[in-house]
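Trainee: Here is my input, please return the structure:
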Amino acid sequence: MIRKAETSDVVAMNHLRLQVQENILSDPSRVTAEMTTEAISVTGGGWVFEEEGQILGFSIALLKDPSIWALFVLPGHEGRGIGHALIGVAVNWLWSQGAERIWLGTDPGTRAERFYRERGWREAGKHDNGEIRFELNRPGGPRQ
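Mentor: You can find the predicted model right below:
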């Protein structure tokens, strides 16, 4: 079940974030509980996929510079459509807020890179840290 993330979910979300096998934070202290709380309640929105009381994945979208700040699925639960469902909720929410283009960054050569390409995201360059910058235009909006 997907539901809106609550501040009480932040500890579990950040714990899940540290368990992933790819796009691993080189410095786990870079993403604090305060940052995640602000992202889901002030600067954007967040959603969790929960099953039997356990958070198996989450997504976070930011509004100011419309982007996907986070999309993570607990290892062992990939391939079940959880990430696809969560990215859909986040993208549709950004469209509903008036976004015309959304961006995100991910490491090259990862399952995440393939995941975004398969869903129509277009490579739009590289970030200084080596991540690929992907962009997605609003359907019916400017051509990519």
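Trainee: Now do the contacts for T106.
Mentor: Neighbouring residues of T106 by Cβ atoms under 8 Å, 6 or more residues apart in numbering: N23, A112, E113, Y116, E131, I132, F134. For the C-beta atoms, the positions are set from N, CA and C on the backbone; glycine is no exception.
Trainee: Run through who's touching stretch 63-77.
Mentor: Residues contacting stretch 63-77 (Cβ under 8 Å, 6+ apart): 13, 16-17, 19-21, 23, 36, 39, 43-46, 49, 55-62, 82-83, 86-87, 90-91, 94, 97, 99-104, 112.
Trainee: Narrow these to those in helices?
Mentor: Of the contacts of stretch 63-77, the ones assigned to helices by DSSP state H are 13, 16-17, 36, 39, 82-83, 86-87, 90-91, 94, 112.
Trainee: Tell me, how many residues neighbour the nearest residue to V89 once chain neighbours are set aside?
Mentor: Distances taken as Cβ to Cβ, 6 or more residues apart in numbering place W47 nearest to V89, at 4.9 Å, with adjacent residues excluded. Residues lying near W47 (other Cβ atoms under 10 Å) number 24.
Trainee: does W47 have beta-bridge partners, and which?
Mentor: W47 has the following beta-bridge partners by DSSP bridges: K4, S59.
Trainee: just for the protein, where's the confidence low?
Mentor: Counting by pLDDT under 70, the ranges of the chain that qualify are 21-30, 141-144.
Trainee: May I have the secondary structure class of I68?
Mentor: Using DSSP: H, G, I helix; E, B strand; the rest coil, the structure places I68 in strand.
Trainee: Which strand residues bridge it?
Mentor: A61.
Trainee: How about the one 5 residues further on?
Mentor: In this entry, V73 is beta-bridged to G57, by DSSP bridges.
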